[in-house]
Structures are given as structure tokens and as C-alpha cells.
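Novice: Quick one, fold the following:
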Amino acid sequence: MGADETSDRKGPVGFVERLLGHGHIGQVAHRRHVPDFHRFLRRLGVNFAVSAAFMLFSLGLGTVGYHAIVGFRWIDALLNAAMLLGGMGPVGTITTTGGKLFAAAFALYSGLVFVIAAGLLLAPVFHRVLHHFHCEFEPSEGAGPGGAGASPERPA
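Specialist: Presented below is the predicted three-dimensional model:
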């Protein structure tokens, strides 16, 4: 589909295609089948690994920060970082101004880590569900163009 053909499309997709100046939006998502279950599991596994690595990095960052800035022992720093990343809140008492600022910043960061990790884990699931909605159905035998069971043609 060329750029001149997209000007005839109406609705939000046509608007975005005209705005971007090309007709590639929406063409990749329309498949004739849902990707196989093994591909879904592989994507879920990769996203889980990335999410786990991000959580471990954040746990290390928090542990080092609580140890270096707040002055907690290593085990207490690990406990505080893990509790914040888990959504439970800090355990020890923080007395220094720098430590309180670090704890506040790490608490906000921990909230973002939770949202990002949840998004990474749920993305393959939502992607698979969206594929179910974008599948084209083959026309049943005997159904002519526009008849019962026919699907609108999509450009190649």
C-alpha cells in the first residue's frame, strides 16, 4: 500500500498513517494464525529473564546504596532493599538526611521497578490475546464474496 492510497482511509488508523506519511501501520499485526504456543512460552521466558535480571540489578543497587549512603550493615541493607522492592516498606531507622533522601528516591524507584516488571511479564500474554482478535477467518465453503463467513480482504 503506497502513501497515496492511505489518504483514502478513514478513522484513527488513516489519520496516523497520513500523519506519519506511510501505510505500514497495522499490516504486521494481521496474520492468518495465532503464533504457536512454543513461541509464546519462549517470549514469556525471555521477558521473565529480563524482569528477573532487572530486579536483581535493583536489589544490588539498593543494597549498595543502603550500605554506602545510609550506613547499614550488608545484611540490613539487603533486607531494606528487598522489603522496598517487595512493596513492604523499610525496616531500619534512618537518621541522616542523605540516608533519608536515598530511601525516598529508592522507594520511588522501587515502585517503577514493580510496574516495569509487571509490564514485562504481562506483555506476551496481552500480545497473544491481541493476536486472537486480529486473526482473519477463512470463508466457509460456498460463501461468496461478502457472504456469510467471508472476511474483508487485507492488502498484502
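
Novice: Please make it C-alpha for all contacts and neighbour counts, starting now.
Specialist: Will do.

Novice: Where is the longest helix in the chain?
Specialist: helix 97-134 (DSSP state H).

Novice: Check which helices and strands it is in contact with.
Specialist: Judged by 3 or more C-alpha pairs under 8 Å, 6 or more residues apart in numbering; DSSP states H and E, helix 97-134 is in contact with helix 37-65, helix 74-85.

Novice: Between helix 37-65 and it, find me the angle.
Specialist: On the basis of axes from the mean of the first three to the mean of the last three C-alpha atoms, to 10 degrees, helix 97-134 is oriented at 170 degrees to helix 37-65.

Novice: List the buried residues in helix 97-134.
Specialist: 99, 102-103, 106-107, 110, 113-114, 117, 120-121, 124, 128, 131, 134 (16 or more other C-alpha atoms under 10 Å).

Novice: Adding distance to Val91, mean neighbour count and mean pLDDT, write the helices and strands packed on helix 97-134 out as a markdown table.
Specialist: Below are the helices and strands packed on helix 97-134 laid out as a markdown table (distance: least, C-alpha to C-alpha, whole Å; neighbours: other C-alpha atoms under 10 Å; pLDDT from 0 to 100):
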| stretch | distance to Val91 | mean neighbour count | mean pLDDT |
| --- | --- | --- | --- |
| helix 37-65 | 13 | 16 | 94 |
| helix 74-85 | 6 | 20 | 95 |
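
Novice: Just give me the neighbour total for Thr96.
Specialist: 12 (other C-alpha atoms under 10 Å).
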